[in-house]
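# Predicted model, plus sequence, below.
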Amino acid sequence: MSEQGYRVPEVCRIVGITYRQLDYWARTELVTPSIRDATGSGSQRLYSFEDLVTLRVIKNLLDTGVSLQRVRKAVEHLRTMRKPVSAVTLVSDGHGVYEADSPEAVVDLLRQGQGVFAIAVDRVWEDVEQALMKAKRGSGRRRAAAGGT
């Protein structure tokens, strides 16, 4: 059984990024489509669900002010982990990105007086699942309204 693939317009809508961002990240190999990469003019990239989660994490980090260079290092770290990505919580002070191994790790960062935020990847996972369900319901209604099946 093949995995569900998501085309670029759907990926951009679900993740909340532009086509230009997605294309740049694919060309610079920040996130390449796991299912099928573009192979020339007219071919379409197909992204996996896990690619969508990674893209949403990247967007969240960039939205909070983390540089693209540091985001790349965080993504590389996520790729090398031996545990499921959904079990990870990332913490950032807007400059660095850290993996929180325990609640105490977050507390220690807070004691140093820096404002931090955390990205619980399992929550991003759930958010992407919900966005996909909403998108499917919406496309089904549009087809029905247009007289399709």
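Sure thing, it's come through. Numbers count the residues shown, from 1 in each chain.

# From the contact counts, what lies against the longest helix belonging to the chain?
Counting by DSSP state H, the longest helix found in the chain is helix 121-145. Using 3 or more CB pairs under 8 Å, 6 or more residues apart in numbering; DSSP states H and E, the elements in contact with helix 121-145 are helix 8-15, helix 49-63. Glycine gets a C-beta too; all of them are placed from N, C-alpha and C.

# Would you pull up how far that helix lies from the middle of the chain?
Averaging C-alpha positions (CA atoms, centre = their mean, to the nearest Å) puts helix 121-145 15 Å from its chain's average.

# again, but for stretch 26-44
16 Å.

# cool, and stretch 59-71?
Worked out by CA atoms, centre = their mean, stretch 59-71 lies 12 Å from the chain centre.

# Identify each buried residue in it, please.
Using 16 or more other CB atoms under 10 Å as the test for burial, stretch 59-71 gives 59-61, 66, 70-71.

# how about those residues, which pair is most distant?
With CB to CB as the measure, no two of these lie farther apart than 59 and 70, at 14.2 Å.

# Am I right that residue 94 sits in a strand?
No: looking at residue 94 with DSSP: H, G, I helix; E, B strand; the rest coil, it is coil, so not inside a strand.

# Quick check: chain neighbours aside, which residue is closest to it?
residue 65 (4.2 Å; CB to CB, 6 or more residues apart in numbering).

# these two touch, right, residue 127 and residue 56?
Yes: the pair residue 127 / residue 56 is scored as a contact, 6.9 Å apart, by CB atoms under 8 Å.

# Which residue of those two possesses the greater neighbour count?
Counted by other CB atoms under 10 Å, residue 127 and residue 56 do not tie: residue 56 has more neighbours, with 22 against 15.

# And the pLDDT at the more buried one?
On pLDDT, residue 56 comes in at 94.

# mind checking how far the nearest residue to residue 60 once chain neighbours are set aside is from residue 125?
Leaving aside its sequence neighbours, residue 60 sits nearest to residue 119 (CB to CB, 6+ apart; 5.3 Å). According to CB to CB, to the nearest Å, residue 119 and residue 125 sit 11 Å apart.
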